[in-house]
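In: Requesting a structural model of the entry that follows:
(one chain, ligands or ions: 3)
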Amino acid sequence: MIKTRGYAVHDPTSPLTPFSFERREPGPHDVQIEILYCGICHTDLHQARNDWGGSMYPMVPGHEIVGRVTHVGAQVTKVKPDDYAGVGCMVDSCRRCPACHEGLEQYCEEGPTWTYNAKERGSEQLTFGGYSERVVVEERFVVKIPASLDLQAVAPLLCAGITTYSPLRHWHVGKGQRVGVIGLGGLGHMGVKFAKAFGAQVVMITTSPAKGKDALRLGASEVLVSKDSAAMAKQAKSFHFLLNTIPNPHDLNPYLALLKRDATMVLVGALTALEPPLQGHNLISDRRRLAGSVIGGMPETQEMIDFCAAHNIVSDVEVVPIQSVNQAYERLLKNDVRYRFVIDMASLK
Ligand code: NAP
Ligand code: ZN
Ligand code: ZN
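Out: Ligands and ions are numbered 1, 2, ... in the order given. This next block holds a predicted model:
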């Protein structure tokens, strides 16, 4: 076993503190990665605070992992020592079901093994995430990172990037479409960049008018303040697609009313019960659709990284030392992030 240091949370209300644990020795199909940067996703905060129930402690969060390969098993072909590699939200899946066969491991019928707050397959051993020195992961769940990209700004692509890229691709967002991205945070700012890169006309839909200038810089051509009901009413039935990244339960009705006939709103944020209730007419009257999406599969995650390398797309980050992780959580909760915190893991040394 490999002794590994990191930061863990031990219950829903305490801060993260230094924590030592063990990783397995790499097997023939495993890649060992020295973690250089790890993004802070809002999911880390939800899981640490047990917002969704079922959190398992001690928990080492972190699923936006970028690092340098230090060791590969004899059967590994995807990467070699000294390559840069990334790990996202999953570290395993059943590999037998139709979803796994299609490279949609996130929809594994037995459930994927999440990078943290999960148990290793067939074991009681908890998985531990990227707020740590190193990780050992089977090569299927590792992506190769081109050396040309700015590594600290690449880390958020492993979750925020793929979670926005995948639904935009799945629903064929592109040229000639008016697309709304709802919520300008970690996911939202990547959603704006990708929708723009795919050729859509992007409208940033935000509760924060102060972010308007940034939204335009990131690629939006217009800003719609969702609290302004007159402005919202004016834009009724004008969107081909909406990507909703709001992390909390909220009223979906005013957003659905923005959709054209046959158009879709995809939820990626709010996982718990939605309040207030959905008004059926908001779906029925214009044959609208409400859908959801979880990250993306491993082949698509590599495709997204390669797309980013080809189009020079990375995240806008604020790099923090691991010792500031609790302050970063507080700021994330207060919607005070431009637009992703990334931990410099060198600070752990
Ligand atoms: P984030 O950085 O905190 O951004 C969320 C944004 O939503 C905020 O910047 C804010 O934007 C807006 N917002 C926050 N609270 C709101 C409220 N009560 N009403 C309306 N708007 C609100 O979070 P994130 O890391 O992007 O994550 C967003 C959500 O996606 C989280 O719930 C996370 O767990 C989830 N997630 C899902 C997946 C998946 O696979 N489906 C993957 C990763 C994350 P404005 O200031 O512009 O309004
Ligand atoms: Zn995430
Ligand atoms: Zn499966």
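In: gap between Ala220 and Met190?
Out: In this structure, Ala220 and Met190 are 13 Å apart, going by Cβ to Cβ, to the nearest Å. The way it works is simple: take the backbone N, C-alpha and C, and place the C-beta from them, glycine included.
In: ok, these two, which is more surrounded?
Out: For the pair Ala220 and Met190, the greater number of neighbours falls to Met190 (32 against 28), based on other Cβ atoms under 10 Å.
In: residues touching that one, list them.
Out: Pro156, Leu157, Ala160, Gly161, Thr163, Thr164, Tyr165, Ser315 (Cβ atoms under 8 Å, 6 or more residues apart in numbering).
In: Adding pLDDT and distance to Val69, write the residues you listed out as CSV.
Out: As requested, the contacts of Met190 are exported to CSV (pLDDT from 0 to 100; distance: Cβ to Cβ, whole Å):
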residue, pLDDT, distance to Val69
Pro156, 98, 20
Leu157, 98, 18
Ala160, 98, 23
Gly161, 98, 20
Thr163, 98, 24
Thr164, 98, 26
Tyr165, 98, 24
Ser315, 98, 22
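In: roughly how far is the helix or strand of the chain with the lowest mean pLDDT from the heart of the chain?
Out: Taking mean pLDDT, DSSP states H and E as the measure, helix 280-284 is the helix or strand of the chain with the lowest mean score, a mean of 95. Relative to the chain's own centre, helix 280-284 is displaced by 29 Å; criterion: Cα atoms, centre = their mean, to the nearest Å.
In: for that helix, packing partners?
Out: On a contact count with 3 or more Cβ pairs under 8 Å, 6 or more residues apart in numbering; DSSP states H and E, helix 280-284 meets helix 253-256.
In: what does the average pLDDT come to for the helix it packs on?
Out: When pLDDT is averaged over helix 253-256, the result is 97.
In: Can you name the residues in contact with the following helix or strand past that helix?
Out: Elements were assigned by DSSP states H and E; along the chain past helix 253-256, the next helix or strand is strand 259-267. Residues outside strand 259-267 that contact it (Cβ under 8 Å, 6+ apart): 167, 171, 237-244, 252, 255-256, 286-293.
In: one step back: give me the contact list for the least confident helix or strand of the chain.
Out: Outside helix 280-284, the residues that touch it by Cβ under 8 Å, 6+ apart are Leu252, Asn253, Leu256, Ala257, Arg288, Arg289, Leu290.
In: do stretch 148-156 as well
Out: Under Cβ under 8 Å, 6+ apart, the answer for stretch 148-156 is 36-39, 41, 64-66, 84, 86, 145, 186, 190, 305, 308-309, 314-317, 319, 340, 342, 344.
In: Tell me the buried residues in the longest helix along the chain?
Out: When the chain is parsed with DSSP state H, its longest helix is helix 298-311. Using 16 or more other Cβ atoms under 10 Å as the burial criterion, the residues of helix 298-311 that qualify are Met298, Glu300, Thr301, Gln302, Glu303, Met304, Ile305, Phe307, Cys308, Ala309.
In: Kindly report the same for stretch 160-176.
Out: For stretch 160-176, by 16+ other Cβ under 10 Å, it's 160-169, 171, 173-174.
In: Can you get me a residue count around the closest residue to ligand 2 within the stretch 51-200 of the chain?
Out: When Cβ to the ion is the measure, the stretch 51-200 of the chain has its nearest residue to ligand 2 at Cys159, with 3.2 Å between them. For Cys159, the tally of surrounding residues (other Cβ under 10 Å) stands at 28.
In: Might you enumerate the residues of this protein proximal to ligand 2?
Out: On the criterion Cβ under 5 Å from the ion, ligand 2 has as its neighbours in the chain the residues Cys41, Thr43, Cys159.
In: how near is the second one to Glu110?
Out: As defined by Cβ to Cβ, Thr43 lies at a distance of 21 Å from Glu110.
In: Looking at those two, which is more packed in?
Out: Of the pair Thr43 and Glu110, Thr43 is the one with more neighbours under other Cβ under 10 Å, namely 26 against 13.
In: right, and the more buried one touches Ala160 too?
Out: No. Taking contacts as Cβ atoms under 8 Å, Thr43 lies outside contact range of Ala160: 9.8 Å.
In: on that earlier part again, what about burial for the contacts of helix 280-284, which qualify?
Out: Under a neighbour-count criterion of 16+ other Cβ under 10 Å, the subset of the contacts of helix 280-284 counted as buried comprises Leu252, Leu256, Ala257, Arg288, Leu290.
In: and those residues, which two are the farthest apart?
Out: Pairwise distances among the buried ones among the contacts of helix 280-284 were taken by Cβ to Cβ; the largest, 12.3 Å, belongs to Ala257 and Leu290.
In: Test my guess that His333 contacts Leu45.
Out: Quick fix: residue 333 is Leu, not His. Yes. The pair Leu333 / Leu45 is scored as a contact, 6.6 Å apart, by Cβ under 8 Å.
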